[in-house]
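[1] Show me how the following folds:
(chains A, B, C and D, ligands or ions: 4)
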Amino acid sequence: MTHMPQAESHGEHPPTTIREYVLIGIVLTVVTAVELWVSYSGMSFGLLVGVLMVLSAFKFAVVVAMFMHLRFENGLLWRLFSFGLILGTAIILALTALFWNDRTDIVGGVPANAAPGAAAPAKH
Amino acid sequence: MAAATHEPPPHVTEHHTTTGIDNRKMMMWIFLASECLFFGALISTYLIFQGESLVGPLPHEILNIPVTSASTFVLLMSSLTMVLAVYGAQHGRLGMMKLMLLATILLGLVFLGFQAYEFTSFVHEGLGLTTNQFGSSFYVLTGFHGTHVAVGVLYLTSMLLASQRRTGLGADRALHIDLAGLYWHFVDIVWIVIFTIIYLIPH
Amino acid sequence: MATALGAMTHTQEDTGLWSWLTTVDHKRIGAVYTVAGFLFFLLGGFEAVMVRTQLAVPNGTVLDADRYNQFFTMHALTMIFLGVMPMGAGFFNYFIPLHVGARDVAFPRLNALSLWIFLSGGILLNSSFFLGGAPNGGWFGYAPLSSIEYAKSSGMTFYVVGLLVLGLSSLMASLNFAVTIINMRAPGMSMMRLPVFIWMVLVVAFLLILSLPVLTVGLLQLYFDRVWGTSFFSPSTGGDPILWQHIFWIFGHPEVYVLILPSMGIVSEVLPVMSKKPLFGYSAIVFAGAAIGVLGFGVWAHHMFTTGLGPVPQVVFSASTMAIGVPTGIKIFNWLGTMYGGNIRFVTATYFSVGFIALFTIGGISGVMHASPPVDGHHQDSYFVVAHIHYVLFGGAIMGIFSGFYYWFPKMSGRLLDEALGKLNFWTMFVGMNLTFFPMHFLGLAGMPRRIYTYDAGMGWDTWNMVATIGSYILAIGVLVFVVNVIKTMRKEPDAGNDPWGGATLEWAIPSPPPAHNFDVVPEVRDRDPLWYNRDHGIAPTPVPEHNHIHMPPPSYFPLIVALGVLLIAVGALSTLAIVGLGAVVSVYGIWGWALEPTD
Amino acid sequence: MGGSRPGSMIAIIGSLALVGVVSFLLWMGFADSGDFAGHPMTTWVPKSDNASLVHGVYQLIFILAGAVFVGIMALTLIFSLLYRERPGGEARQFHGNSRLEVVWTLIPVLIVVAMAVPTFSTMSVTSKPAPDNALKVVAIGHQWWWEFQYPELGITTANELYLPVNRPVSVALQSSDVIHSFWVPQLSGKIDNVPGHENHLWFTPTEARAEPYLGQCAEFCGLSHANMRFRVFVASTGDFEAWAKSAAGDRTAPTADLAKAGEQQFVASGCVACHTVKGQAGAAGKIGPDLSHFAARTTLASGTLDRTPANIRKWLSNPQAVKPGVLMPNLNLSPEALDKLVAYLDGLK
Ligand code: HEA
Ligand code: HEA
Ligand code: CUA
Ligand SMILES: [Cu+2]
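    Ligands and ions are numbered 1, 2, ... in the order given. The predicted model follows:
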């Protein structure tokens, strides 16, 4: 990571016309509509979650890349941001996984021992 | 930076940096990385407390997906107007910039209005902050998102006000609007995630 | 101390109080951080000595149970958040620009804001002693003991609000440092030429940037639980205390590396200079530091081996924790490699650095021992852990910081600290430290739980507790010797010159203390050890241009106003909403004025 | 190593000797603290199957740690002496050595693997569910005392746990308020009692003895965390069964007049609101410890006091003074009331 080149000369450039921006806006709207449809479509839960995740990740990526023109910035910015993005996602995944099995442990959802001495299980 | 191609930045020497990226822009991106973890923790909490509510109302009994879809659309459109404001700033089209800033602010306010409506109607239906785990984690997650929107509205308003001043936003105008835009879009993409997780995925 | 403050930046023409309050000079800000951090360190040390006095004999009566709990909680909070981190921040502020060859940090006013918010947070947290009792739930505030049902006094609310305020300060400071390091380097200062100290600061900055938001969320949730009646962490209404533990330690473990990495950086600066040879394995040390930072995010649940995680998470977190021993080992060996073959000048700074290697290793080893979950079943919440944390925190972090004091004090004040007193300082601290903390291993092995305000005779804990207490008095004397040394040194004429140690990094090329603009000419960097390179290649310093008008940012009082606003918000969060509103208005006003203030 | 320097042999030998002596002294300290004699809560004298298994890992890890300690201390000291500044001395200029660096990356890796493998294989045993024939016990942490229930035997007791030797025991850990942690070092590592969760722990005590195994709450739980102690009595199967029979039954009814008056007083003073005494009508409170067989216990208020009549009196006259924060109120009992209550309680075998 020595000297960063000043500019971004991948031959790509951010959208230059209002038209392009509006087009992207329309795409985003359409995807949102599709998401809604999917949500009501009654497909199996696993599939539904998968499809929704992919679609919202797509929207997320489009906004970041185009509206926030990260795609056209110095790559360093992308690396800096992705630190947080990846770590944040990892923590969501890790925590939900850690609490997944946990449900069985929770003492009946009932305030196990809300009042001292009222320990729910193991009454003789 | 895109603006550079259209308006040579005046203080080239002042703003010289090692990587060529403006300090402020770099800080904004790192800050947004940090925000990913802020919302990551809130979203984790929401997910962990799914199905942990001891009493109703539960999400599927109360969430109003059509209304929220409308507010989602509003926020999405505000991203579009925001990007156009940045476009205006970068291309020296000040009228467009101001108009689009104003539009973004108004759309942001509409979104907040939707949220206020949603919160009050939920409260009427018996879901308070402390009613159950769903209520707590829902209000805190969407509430902090709403706070971010409100801060964004303030941020953009101050940009608009500053650009009304005689000196305008100064030589860094495009950058200032760009930064505000980055923040605003981020708040939008967080909502994309929240909308999917809370509203679209049925429980 | 005030004289120390003054002298650390004595070339500044303007010395009135107002100039300090409105300063945006990173050196002045660094000096205030250091001095404030050191004073808080004394306070935290005082609390620790009271704790030790209570434990000297079985059934001690010096502190009652509640006071004891407040003292050990505030001891930890003070040491970590108000002592070690700010002393670190002091060095960061002072030396990042000097090391990377910049005139100031990237955002000088933001830097001042961080300082004032930190001071507000520190004062707020400590004011709890006089406002209904200090936090008493331990530094990690486990719910539900920290929830309103079981902690009715306002102490834990102070904990929540105080940490939120301090977190804000650290976040802003870290953003500032990260941008400065990445973006403000002098020509030729590539990333792989950065001083190791700066690399470690960069890792620390990212650790904070990425872990503080998680803590913030946890604290906000705890605040809602305590004040607004939610139950995120209270099981009686569906909440989960284990969630708090995860959230806290996702922050908490990276935090411990935040405390140690700066000291590792300091040692990596001091050892090569004193050994008069380049650092052994520069890239290995840098990558190991970064690896520690990355791995540090994947080990948090090793603090929770006894909470019933289940075997699979235990194995995962145990493995990742043990793995951290590898990059840390690499660092230790590289430092030894740096000493190897050297012609080591044993001044006090060297003593502290070498002491660091020995003592930190002891703490690291016990850390790896806890990494085995079945063994940790015995260690967890016993004095074995208390021994571990003090070997890494005192033997590591504090020893490193003291090495930094002796190494950089001449640069900051123009005066060399007294070497004879310095060695006395080192040996009393070294002996005191080992007498205090080594016996804690024995106590842990003999089953003494931590956080107990009293214990019975007949448990076999008496002797070692007494030894530890005596050790802590010796330690206190050691710290006092340092204070005496500083006072004595400040009384004499400047005698350090630009470069008392034959240093390799840029700060040694400029006067001590440095002028406000740091460098007359921004240096050109040609090597990892720029000054040695110039010396060896006979490169003379660039002549100062005749009409050198260097433009420094003007002072500003807006940081102070924004900090006042934040303080008011915090006070409001502890009392009434109206004050929150007032604070918000003050902050918004401050930010507005800040934004419009001309900066050139 | 550095042979060019004068006096290097002396420095090396001296350093090794010093590190050796220090290590030996520290070893003595560890050995002493690991000795049961005089250290009733030592973690180094396992008396259950699982604790012994863990002890094997502990010893191994301890030895590895000791080796790293000796190695690093010796190197630090030797280098400090050998390479200290000398007039005319020259530092050798080098930046690194790839081969060395690989070696000292591999050494920690090997050590870590040597720690990890036995750790995980032990866990595969200790984290299995308890054997079917295990005695079931529920340990509930309260601020600041322990409730022990034997659901299969219909026994509830406090602060003193009885176990038969050589039979696995499965402990279900619960809490009624904040987090506590169940720890009897000689029998097992600790596991937390987390409100809203139930944790499990099992072991087979392998030595019956008259002296109790001492335990203590290990998770900070508020004011009297330090006073939340308990004892485990491991008895022969016969003795355990005798105890269980008695513990499952009603209290021994008072015979002496004073004790009978105490029984009345126990109702009159409102003790029944919090305490259960099986066999006394109306005494079914659940907030405090079950007192049905109070007089069979050796200590009072979770190990804070020995259970002597004088101490019972002291306790009743002002619990707060004995145990800070305790959740039993000071009932401002008159001396006569105290006489009666002490007589009654002292007879609840
Ligand atoms: C500066 C702070 C600091 C540092 C650097 C560390 C470093 C480490 N810590 Fe520590 N730790 C704390 C501060 C710190 N810790 C604190 C404050 C707590 C208690 C919190 C509380 O409960 O209040 C704690 C608690 C704690 C626990 C929980 C104990 C418990 O409560 O049950 C564990 C468990 O795994 C642990 C492990 C480690 C490990 C593996 C390292 C490693 O990073 C250490 C690595 C270093 C070495 C291993 C030495 C050098 C290496 C070699 C010479 C190579 C060869 C050696 C081997 C391969 C073994 N720490
Ligand atoms: C950087 C962090 C840091 C540092 C430097 C220290 C330094 C010290 N610590 Fe601390 N400690 C912690 C972090 C730290 N500690 C943490 C995180 C905990 C866990 C808390 C918890 O459980 O929640 C802890 C817990 C802890 C305990 C366990 C309490 C318990 O579990 O009940 C003890 C007990 O002996 C202790 C002692 C000491 C001592 C004697 C010092 C000494 O090194 C202090 C030396 C300094 C001085 C002595 C200052 C000199 C001051 C003067 C000269 C002024 C005047 C002084 C007098 C009048 C005496 N500490
Ligand atoms: Cu219960 Cu500590
Ligand atoms: Cu840790």
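
[2] element containing C:Ile365, please.
    Secondary structure assignment for C:Ile365, by DSSP states H and E: helix C:348-370.

[3] By residue count, which helix of chain C is the longest?
    For chain C, the longest helix by residue count, based on DSSP state H, is helix C:241-275.

[4] quick one, helices of chain A?
    According to DSSP H, the helices that chain A contains are A:18-40, A:45-62, A:75-100, A:102-105.

[5] could I get the ones you listed as CSV with mean neighbour count?
    From N, CA and C alone the C-beta is placed, and that goes for glycine too. Converted to CSV, the helices of chain A look like this (neighbours: other Cβ atoms under 10 Å in any protein chain shown):
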stretch, mean neighbour count
helix A:18-40, 16
helix A:45-62, 15
helix A:75-100, 18
helix A:102-105, 13
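
[6] Of all those helices, which one comes closest to chain D?
    Chain D sits nearest to helix A:102-105 of all the helices of chain A, at 4.9 Å, using Cβ to the nearest Cβ.

[7] wait, C:Ala397 sits on C:Met85?
    No - counting by Cβ atoms under 8 Å, C:Ala397 does not reach C:Met85; the two are 9.5 Å apart.

[8] if I look at these two, which residues touch both of them?
    Both C:Ala397 and C:Met85 are in contact with C:Leu259, where contact means Cβ atoms under 8 Å, 6 or more residues apart in numbering or on different chains.

[9] Could you list every helix and strand that the helix holding C:Ile365 packs against?
    Other helices and strands packing on helix C:348-370, by 3 or more Cβ pairs under 8 Å, 6 or more residues apart in numbering or on different chains; DSSP states H and E, are helix C:241-275, helix C:311-323, helix C:325-339, helix C:373-379, helix C:383-392, helix C:399-413, helix C:419-445, helix D:49-82.

[10] what's the distance between the residue nearest to D:Arg86 when sequence neighbours are not counted and D:Phe79?
    The spatial neighbour of D:Arg86 that comes closest, neighbours along the chain excluded (Cβ to Cβ, 6 or more residues apart in numbering or on different chains), is C:Asn343 at 6.9 Å. Remark: distance between C:Asn343 and D:Phe79 (Cβ to Cβ, to the nearest Å) = 12 Å.

[11] Any part of the longest helix of chain C near ligand 1?
    Yes - on the criterion Cβ under 6 Å from any ligand atom, helix C:241-275 is in touch with ligand 1 at C:Val256, C:Leu259, C:Ile260.

[12] hmm, the following helix or strand past that helix in reach of chain A?
    Sequence-wise, the next helix or strand downstream of helix C:241-275 (DSSP H and E) is helix C:282-295. No - Helix C:282-295 stays clear of chain A (Cβ under 8 Å from any Cβ of the partner chain), getting no nearer than 9.3 Å.

[13] Quick check on C:Asn343 and D:Phe79: which one has the bigger neighbour count.
    Set side by side, C:Asn343 and D:Phe79 show more neighbours around D:Phe79, with 26 against 19, by other Cβ atoms under 10 Å in any protein chain shown.

[14] what about chain C, any weak spots by pLDDT?
    C:1-14, C:543-549, C:600 (pLDDT under 70).

[15] List the residues that contact C:Leu336.
    Residues touching C:Leu336, when contacts are defined by Cβ under 8 Å, 6+ apart, comprise C:Ile357, D:Ile72, D:Leu75, D:Thr76, D:Phe79.

[16] make that C:Gly444, sorry
    Neighbour list for C:Gly444: C:His378, C:His379, C:Ser382, C:Tyr383, C:Phe384, C:Val385, C:Val386, C:Ala387, D:Thr43 [criterion: Cβ under 8 Å, 6+ apart].

[17] same check, this time on B:Leu47
    Shown in contact with B:Leu47 (Cβ under 8 Å, 6+ apart): A:Ile92, A:Leu95, A:Thr96, B:Ile197.

[18] Check the spacing between it and C:His441 real quick.
    When Cβ to Cβ is the yardstick, B:Leu47 and C:His441 sit 41 Å from each other.

[19] Same question for A:Leu95.
    Computed with Cβ to Cβ, the distance linking A:Leu95 and C:His441 is 34 Å.

[20] Tell me the backbone dihedrals of whichever residue of the stretch 201-349 of chain D sits closest to chain C, please.
    Closest contact between the stretch 201-349 of chain D and chain C, by Cβ to the nearest Cβ, is at D:Ala226 (3.5 Å). According to degrees, to the nearest 10, the main-chain angles of D:Ala226 amount to phi -70, psi -20.

[21] Grab the nearest non-local neighbour of it.
    For D:Ala226, ignoring the flanking residues on the chain, the nearest one in space by Cβ to Cβ, 6+ apart is C:Ile452 at 3.5 Å.

[22] Regarding D:Ser181, what is its secondary structure?
    Look at D:Ser181: counting by DSSP: H, G, I helix; E, B strand; the rest coil, its state is strand.

[23] ok, now D:Lys190?
    Three states are possible here, and by three-state DSSP the one that applies to D:Lys190 is strand.

[24] can I assume it is in contact with C:Asp381?
    Yes - with contact defined as Cβ under 8 Å, D:Lys190 counts as touching C:Asp381 (7.0 Å).

[25] and D:Val70, what does it touch?
    By Cβ under 8 Å, 6+ apart, the residues touching D:Val70 are D:Val19, D:Gly20, D:Ser23.

[26] Who wins on neighbours among the residues you listed?
    Taking other Cβ under 10 Å as the neighbour criterion, D:Val19 ranks highest of those with 20 neighbours.

[27] So which bits of the helix or strand harbouring that one are buried?
    D:Val19 is part of helix D:8-33, with elements assigned from DSSP H and E. Neighbour-count burial for helix D:8-33 flags D:Ser8, D:Ala11, D:Ile12, D:Ser15, D:Val19, D:Gly29, D:Phe30, D:Asp32, D:Ser33 (criterion: 16 or more other Cβ atoms under 10 Å in any protein chain shown).

[28] Adding distance to C:Trp300 and pLDDT, write those residues out as a markdown table.
    As requested, the buried residues of helix D:8-33 are exported to a markdown table (distance: Cβ to Cβ, whole Å; pLDDT from 0 to 100):
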| residue | distance to C:Trp300 | pLDDT |
| --- | --- | --- |
| D:Ser8 | 46 | 84 |
| D:Ala11 | 43 | 88 |
| D:Ile12 | 42 | 91 |
| D:Ser15 | 38 | 92 |
| D:Val19 | 35 | 93 |
| D:Gly29 | 32 | 93 |
| D:Phe30 | 29 | 93 |
| D:Asp32 | 35 | 91 |
| D:Ser33 | 30 | 91 |
